[in-house]
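[1] Below: sequence and its predicted model.
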Amino acid sequence: MWHRTQFSLESRRQGFHLVTDEILAALPELQRVQTGLLHLQLMHTSASLTLNENADPDVRHDMTLFADKLAPANVAGMQHTLEGPDDMPAHVLASLFGTELTLAVERGRLLTGTWQGIWLGEHRRHGGARKVVATLTGE
Amino acid sequence: MWHRTQFSLESRRQGFHLVTDEILAALPELQRVQTGLLHLQLMHTSASLTLNENADPDVRHDMTLFADKLAPANVAGMQHTLEGPDDMPAHVLASLFGTELTLAVERGRLLTGTWQGIWLGEHRRHGGARKVVATLTGE
Amino acid sequence: MWHRTQFSLESRRQGFHLVTDEILAALPELQRVQTGLLHLQLMHTSASLTLNENADPDVRHDMTLFADKLAPANVAGMQHTLEGPDDMPAHVLASLFGTELTLAVERGRLLTGTWQGIWLGEHRRHGGARKVVATLTGE
């Protein structure tokens, strides 16, 4: 069984956001899969998708502090500055955190750890809505 | 063909560890796949799975030095400190190194490069056993 | 439908390179897939595959500046230095950027965002040609 759908995650401010519920709401077909995989791909190069903690929002807050250190706004020798100081760091974070994710599906549900949720990393100041391509395969 | 199994990787000290053999031992069904993919997903947000060198243990030793610089224990403004100084860096490293991995399978074996092995990144001081969900699909 | 192929990406200098066209040229079978996934796995531990911008080459130039800061040539306590000062940073970057990638396929083409392309991160000074295992599955 193959199912493909495209949808948009609503516009969010710069930072990390828990988007598991928004993604699941776009995928009612998940219920038809006993054993399978869900592949999620952001159609962008300045945002990311990653698995991380679904409970304490402090973890998402602090992740931004680390991200700012991993990809600072000013690095000597930078050439790609026309689109603003948040643009090149956004490209760096998109590749470090990754823009695609494959997740286990079992008995119609995501098979994730108790504390795992799907995060959107919005790495631009004004990134807007973010398009996702979802692919569901299984039996 | 779809095969799903869950198992635990034994408890390891903080650092990077070669776990290819332990994972293969939990997956005798690999032998039934001619051409396919193996998806591995850690059920945790403070450990990681990554492909890296399977030979010289110095590479794993040094990776820890870099990881400590990428995600230092103290970053100004951190709020998520209740679970200890190793907790927030562990969340950061889980997302940077990644918690899920898809690998090629051919003629009943992992199709990896000569020097590639599967690493567990244990990013907590006392992480305990780590649960893995494995999904095997192919023909 | 399952299709497996192996090919080499031509030798490139240290840095980030857009390789979408070279990969597509090795995969004429893509045209036979209506809905599916393409999995790409580098057979190496000192190079990476990542999705990032396909237009302005400045982004690839600047990514190297950030990569050099993320994985500097000299970190106190390093033991794995026999293969040269670019070797251990290459292992670090391979795991941070990742060596495998899964991409959506639709109507015989990669389903990527307008600005997305596949990058090879060549993290060695003399990495040589880089082997890729491609797995195509779908209907």
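    Alright, I've got the coordinates.
[2] Buried residues in stretch A:21-39, which are they?
    By neighbour count on 16 or more other C-beta atoms under 10 Å in any protein chain shown, the buried set for stretch A:21-39 is A:22-23, A:27, A:30, A:33, A:35-39. Any C-beta I mention is one placed from the backbone N, CA and C, and that applies to glycine too.
[3] can you tell me which of these are in strands?
    Residues of the buried residues of stretch A:21-39 located in strands (DSSP state E): A:35-39.
[4] Let me know the closest of these to chain B.
    Set against chain B, the nearest of these by C-beta to the nearest C-beta is residue A:35 (4.7 Å).
[5] Mind listing the residues bridging to that closest one?
    Note on residue A:35: beta-bridge partners residue A:106, judged by DSSP bridges.
[6] does it really touch residue B:135, like I thought?
    Yes - between residue A:35 and residue B:135 there is a contact under C-beta atoms under 8 Å: 7.3 Å.
[7] Now do the shared contacts for the two.
    Common contacts of residue A:35 and residue B:135 (C-beta atoms under 8 Å, 6 or more residues apart in numbering or on different chains): B:2-4.
[8] what would those residues look like in TSV with distance to residue B:45 and neighbour count?
    Converted to TSV, those look like this (distance: C-beta to C-beta, whole Å; neighbours: other C-beta atoms under 10 Å in any protein chain shown):
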residue	distance to residue B:45	neighbour count
B:2	26	16
B:3	26	17
B:4	21	20
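[9] Return the member of these nearest to chain C.
    Nearest to chain C among these, counting by C-beta to the nearest C-beta, is residue B:2 at 12.0 Å.
[10] Centre-most residue in chain A?
    Residue closest to the average C-alpha location in chain A (C-alpha atoms, centre = their mean): residue A:49, at 2.0 Å.
[11] quick one: contacts of the helix or strand harbouring that residue?
    Assessed by DSSP states H and E, residue A:49 sits inside strand A:47-53. Residues from elsewhere that reach strand A:47-53, judged by C-beta under 8 Å, 6+ apart: A:16, A:40, A:42, A:59-60, A:63, A:90, A:93-94, A:96-101, A:103, A:112, A:115-124, A:127, A:130, A:132, B:45, B:91, B:94-95, B:98-100.
[12] low-scoring stretches of chain A, by residue?
    Within chain A, the set of residues satisfying pLDDT under 70 is empty.
[13] which ones are touching residue A:135?
    With contacts defined as C-beta under 8 Å, 6+ apart, residue A:135 is in contact with A:2-4, A:38-39, A:41, C:35-37, C:104.
[14] if you set the cut-off to 7 Å instead, what comes out?
    By C-beta atoms under 7 Å, 6 or more residues apart in numbering or on different chains, the contact set of residue A:135 is A:4, A:39, C:37, C:104.
[15] Report the beta-bridge partners for it.
    Applying DSSP bridges, one finds that residue A:135 bridges with residue A:4, residue A:39.
[16] State the distance from it to chain B.
    13 Å (C-beta to the nearest C-beta, to the nearest Å).
[17] related to what we said a few turns ago, which ones among the contacts of strand A:47-53 map onto helices?
    A:59-60, A:63, A:90, A:93-94, A:96-97, B:91, B:94-95 (DSSP state H).
[18] Which single one of these is nearest to residue B:9?
    Comparing the ones in helices among the contacts of strand A:47-53 against residue B:9 with C-beta to C-beta places residue B:94 closest, at 14.4 Å.
[19] Flag every residue of chain A that's near chain C.
    A:2, A:4, A:39, A:41, A:43-45, A:70-71, A:75, A:77-80, A:88, A:91-92, A:94-96, A:98-100, A:102, A:131, A:133, A:135 (C-beta under 7 Å from any C-beta of the partner chain).
[20] rerun at 6 Å
    Counting by C-beta under 6 Å from any C-beta of the partner chain, the residues of chain A close to chain C are A:2, A:4, A:39, A:41, A:43-45, A:75, A:77-80, A:88, A:91-92, A:95-96, A:99-100, A:102, A:133, A:135.
[21] are any of the residues you listed buried, and which?
    Counted by 16+ other C-beta under 10 Å, these give A:2, A:4, A:39, A:41, A:43-45, A:78, A:80, A:88, A:91-92, A:95-96, A:99-100, A:102, A:133, A:135 as buried.
[22] Which residue, neighbours along the chain excluded, lies closest to residue A:139?
    Closest residue in space to residue A:139, ignoring its immediate chain neighbours: residue B:2 at 5.1 Å, by C-beta to C-beta, 6 or more residues apart in numbering or on different chains.
[23] pretty sure the one you found contacts residue B:29?
    No - taking C-beta atoms under 6 Å as the definition, residue B:2 is not a contact partner of residue B:29, at 10.2 Å.
[24] So what's the residue count around whichever residue of chain A sits closest to chain B?
    Going by C-beta to the nearest C-beta, chain B is nearest to residue A:113 of chain A, at 3.2 Å. Neighbour count for residue A:113, taken as other C-beta atoms under 10 Å in any protein chain shown: 18.
[25] Now for it: which residues touch it?
    B:43-44 (C-beta atoms under 6 Å, 6 or more residues apart in numbering or on different chains).
[26] Okay then, goodbye and thanks.
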